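K.L.:
3D model of this:
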Amino acid sequence: MGYSFFAMLSRMKYIDRWALMRNTENENLDSHSKEVAVIAHALAVIGNVRLNKSYNADRAAVLGLYHDAHEIITGDMPTPVKYQNEKILGAFKEIEDCATERLVSMLPDDLKTEFMSVLTGENDEELLPLVKAADKLSALIKCIDERKAGNSEFKKAEKSTKKKILELNIEEANIFLEEFVPAYELTLDQL
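P.N.:
Down below sits the predicted model:
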């Protein structure tokens, strides 16, 4: 008998993000998830080295890698729609949960518990805020890239995303924002 979980995950590259906005460069779920994993790992390392935390940085990276896997089934719901009101947000959360359960059902029984944990972040309460911050930082980086390419469509999103990051009040994210995000403004020759 075959299981389709990993074949389904490989389809992340077909799910485009930012569907309501004109993009100079399309971003897919696969590349976004990789970037979130890298940033979540960095935030955990920053926390461990600079703030005397004891995060599992590898686990943070894995959670980041899988954080939007449900979107293979649901697609990427645009933020203005998803967060329009509590009723829509609640309904969409239920849809995301059903999609996660569907993905897990594509695994053999002995792997389901481990992957459900990775897909939901259950038992990782201290890492989930870092993953959320990494997700927002990835969105900010996309906005910066689009602005640099001359796309004014992302100016408001850039401003509101940066505000949301600061409102999270996560010291690791603030350090990343201050020390690493400015380099995204540079050209290749300047790096």
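
K.L.:
Compute the number of surrounding residues for residue 190.
P.N.:
When neighbours are counted by other C-beta atoms under 10 Å, residue 190 registers 7. Every residue, glycine included, has its C-beta placed from N, CA and C.

K.L.:
Just say helix, strand or coil for it.
P.N.:
Assigned by DSSP: H, G, I helix; E, B strand; the rest coil, the conformation of residue 190 is coil.

K.L.:
Could you point out the helix or strand that follows the helix or strand of the chain with the lowest mean pLDDT?
P.N.:
With mean pLDDT, DSSP states H and E as the measure, the helix or strand of the chain carrying the lowest mean pLDDT is helix 79-82 (a mean of 68). Next along the chain after helix 79-82, taking DSSP states H and E as the criterion, comes helix 86-104.

K.L.:
Are there helices or strands packed against that next one, and which ones?
P.N.:
Packing contacts for helix 86-104, counted by 3 or more C-beta pairs under 8 Å, 6 or more residues apart in numbering; DSSP states H and E, involve helix 5-9, helix 71-74, helix 79-82, helix 109-120.

K.L.:
and the last one, what's its mean pLDDT?
P.N.:
Regarding helix 109-120, the rounded mean pLDDT is 96.

K.L.:
Outside of that helix itself, which residues are in contact with it?
P.N.:
With contacts defined as C-beta atoms under 8 Å, 6 or more residues apart in numbering, helix 109-120 is touched by 5, 62-63, 66, 69-70, 100, 103-105, 107, 122-124.

K.L.:
can I get these in CSV with neighbour count and distance to residue 43?
P.N.:
Output for the contacts of helix 109-120, formatted as CSV (neighbours: other C-beta atoms under 10 Å; distance: C-beta to C-beta, whole Å):
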residue, neighbour count, distance to residue 43
5, 17, 27
62, 20, 14
63, 26, 11
66, 22, 16
69, 23, 20
70, 20, 22
100, 19, 23
103, 21, 25
104, 20, 26
105, 11, 31
107, 17, 28
122, 11, 20
123, 9, 19
124, 18, 13
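
K.L.:
From those, pick the one nearest residue 133.
P.N.:
Proximity of these to residue 133 (C-beta to C-beta) peaks at residue 63, which lies at 12.0 Å.

K.L.:
contacting residues for that closest one?
P.N.:
Residue 63 makes contact with 40, 118, 121, 124, 127-128, 131, according to C-beta under 8 Å, 6+ apart.

K.L.:
Check residue 29 too.
P.N.:
The contact partners of residue 29, by C-beta under 8 Å, 6+ apart, come to 12-13, 15-17, 68, 71-72, 76.
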